[in-house]
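Asks: no FASTA, just this:
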């Protein structure tokens, strides 16, 4: 299976200004994902999709392929990620480089490693999945079987539809939420469904102690501390 790695990096950002180009633990934020992607053995090419010339140059210095500058219409705050993904898949097709799947690696998750990527690909291929994405375990206190939703009349109901909650923590089934650092999807699913999610979905667990999605200044501080500990 031929897999294209895609690193999407816009020049603009709200929570932390110019974060993809900003230095963190000694190098640009973008570089942490670029290094992990290039060190992974299961990707058959890694491209950077960016609308920003400075980020394009950083990407090239990190060894990423920068085959195009992303159109401004695909680099707004409201642009769906699937549109960016499909633009990159279309480029690969037009360039005569057919890929069976795409691995989306967002630079705002700098703690994911090359080993994580390779292990996620192994799961993807072994289970013949349509989609694999990285996940974190949901803490028991927030487990969906213990979550109540408020109805318009003010009454509460369990989110799973049951009348009574599961009594014991030990009886709760495993539950996960998306972690955000790795998304693997078959190319035919991307094209036919215009979605990162196919029918057969698998989760690749990530340790919460080394997971962060940089969206705020507090996220940045935590990520920098963890990166310096890992370096």
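Replies: Structure's in. What do you need? Bear in mind the structure is a predicted one, so any value in this text is a computation, not a measurement. Numbers count the residues shown, from 1 in each chain.

Asks: got the buried residues for stretch 59-70?
Replies: 59, 62, 64, 66, 70 (16 or more other Cβ atoms under 10 Å). Every residue, glycine included, has its C-beta placed from N, CA and C.

Asks: now do stretch 208-216
Replies: Neighbour count says stretch 208-216 has 211, 212, 213, 214 buried, by 16+ other Cβ under 10 Å.

Asks: for these, give me TSV that also has distance to residue 162 and pLDDT.
Replies: Formatted as TSV, those follow (distance: Cβ to Cβ, whole Å; pLDDT from 0 to 100):
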residue	distance to residue 162	pLDDT
211	30	96
212	34	96
213	31	96
214	37	96
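
Asks: would you map out the domains in this structure?
Replies: As assigned by automatic domain parsing, the chain contains the domains 3-136+177-230, 139-174.

Asks: in the lengthiest strand in the chain, what's buried?
Replies: Longest strand of the chain, by residue count under DSSP state E: strand 176-186. Neighbour counts using 16+ other Cβ under 10 Å place 179, 180, 181, 182, 183, 184, 185, 186 of strand 176-186 among the buried residues.

Asks: was I right to think the fourth one contacts residue 133?
Replies: Yes. A contact is recorded between residue 182 and residue 133 when judged using Cβ atoms under 8 Å, the distance being 6.3 Å.

Asks: shared neighbours of the two, anything?
Replies: By Cβ atoms under 8 Å, 6 or more residues apart in numbering, residue 182 and residue 133 have these common neighbours: residue 204.

Asks: tell me the residue in this protein that is farthest from the middle.
Replies: What lies farthest from the middle of the chain is residue 153; by Cα atoms, centre = their mean that is 37.6 Å.

Asks: doesn't that one lie inside a strand?
Replies: No. According to DSSP: H, G, I helix; E, B strand; the rest coil, residue 153 belongs to no strand; its state is coil.

Asks: separation between it and residue 3?
Replies: Distance of residue 153 to residue 3, given as Cβ to Cβ, to the nearest Å: 50 Å.

Asks: what's the mean pLDDT across stretch 150-160?
Replies: Averaged across stretch 150-160, the pLDDT comes to 96.

Asks: give the buried residues for it.
Replies: Buried-residue list, stretch 150-160, by 16+ other Cβ under 10 Å: residue 158.
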